[in-house]
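Student: Sequence and predicted structure below; questions after.
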Amino acid sequence: AAIRNTREGRPRKTAQFYADLYIGLYYDAVNDAEQAQKYLRRSLTYDVNGYMADTARVYLKDRFPTK
């Protein structure tokens, strides 16, 4: 829906970022760590900056630290 309902360019990348971020948070809430990490990592690929992008980075690092 984020792709289908948003015009191309920056608005679509921002919509995809938020969609993946919230899907990742949902999966974490239902204890599916694999899917949570997948979507949280993907949310950081859209070159979005700002408070919520920082939140995604910190959440991912804090919740799923790499070894």
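Tutor: Cool, the structure landed.
Student: From now on I want contacts and neighbour counts done on CA atoms only, so please keep to that.
Tutor: Fine.
Student: who does the longest helix anywhere in the chain touch, helix- and strand-wise?
Tutor: Counting by DSSP state H, the longest helix found in the chain is helix 10-29. Helices and strands touching helix 10-29, by 3 or more C-alpha pairs under 8 Å, 6 or more residues apart in numbering; DSSP states H and E, are helix 33-43.
Student: how big is the angle separating the helix it packs on from helix 10-29?
Tutor: 160 degrees (axes from the mean of the first three to the mean of the last three C-alpha atoms, to 10 degrees).
Student: Check what contacts helix 33-43 and list those residues.
Tutor: Contacts with helix 33-43, where a contact means C-alpha atoms under 8 Å, 6 or more residues apart in numbering, come from 16-21, 23-28, 56, 60, 64.
Student: cool, stretch 45-62 as well?
Tutor: So stretch 45-62 is contacted by K13, T14, Q16, F17, L21, Q37, L40, R41, S43, L44 (C-alpha under 8 Å, 6+ apart).
Student: Report the inter-axis angle for the helix or strand containing A53 versus helix 10-29.
Tutor: For A53, the element it lies in under DSSP states H and E is helix 51-63. Between helix 51-63 and helix 10-29, the angle comes out at 30 degrees (the same axes, to 10 degrees).
Student: Give me the buried stretch members for helix 51-63, please.
Tutor: Neighbour counts using 16 or more other C-alpha atoms under 10 Å place A53, A56, L60 of helix 51-63 among the buried residues.
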